[in-house]
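1. dropping the sequence and predicted coords here.
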Amino acid sequence: MMDRAGTKCLFIAAAAALLFSITSFDNADASTTHKVKKGDNIYTIAKKYKTSSAKIREANDLASDKLSIGQKLVIPADRKVSADSAKNRKKLAETKKPEAERF
């Protein structure tokens with residue numbers, strides 16, 4: 001069983017970890033990569049990552065939509081999605097605070 005000081009330290013550590021994850025996520029280059037598999041095309045890949053085929057072509061300097069199996073594509077991050085995700089995590093963290101701390 002933890003005493004008040006231990007509980008307070010645990011809460012502060014959890015809050016710091018949450019804050020770090022939110023700020024590091026916003027500042028990170030949130031692009032990812034995708035390895036082309038049989039049956040993939042630029043349109044299905046764009047749909048999977050909620051971006052556009054034009055953005056994928058631009059990020060990879062592609063002149064056409066032709067892809068090769070095994071090719072690695074950079075999938076650009078949509079900054080708006082990243083910011084919205086961080087806001088949602090922050091809102092979720094605020095709603096999980098004990099009742100007395102919300103006011």
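-> Sure, I can see it.
2. so what's residue 36 scoring on pLDDT?
-> Note on residue 36: pLDDT of 97.
3. number of residues surrounding the residue nearest to it when sequence neighbours are not counted?
-> Once flanking residues are discounted, residue 36 sits nearest to residue 71: 4.4 Å by C-beta to C-beta, 6 or more residues apart in numbering. Backbone N, C-alpha and C define where each C-beta goes, glycine included. Other residues within reach of residue 71, judged by other C-beta atoms under 10 Å, total 14.
4. is it true that residue 71 touches residue 35?
-> Yes: contact criterion C-beta atoms under 8 Å: residue 71 and residue 35 qualify, at 7.4 Å.
5. dump stretch 64-77 to CSV, restricted to CA.
-> As requested, C-alpha coordinates have been extracted for stretch 64-77 and formatted as CSV (Å, rounded to 0.1, in the frame of the first residue of the first chain):
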residue,chain,number,x,y,z
SER,A,64,4.1,8.2,-62.1
ASP,A,65,2.0,5.9,-60.1
LYS,A,66,4.1,2.8,-61.0
LEU,A,67,5.4,1.0,-58.0
SER,A,68,7.7,-2.1,-57.5
ILE,A,69,7.3,-4.9,-55.0
GLY,A,70,9.7,-4.2,-52.2
GLN,A,71,9.9,-0.5,-52.9
LYS,A,72,10.0,1.6,-49.7
LEU,A,73,7.7,4.7,-49.8
VAL,A,74,7.8,7.6,-47.4
ILE,A,75,4.3,8.3,-46.2
PRO,A,76,4.1,12.0,-45.3
ALA,A,77,2.3,12.9,-42.1
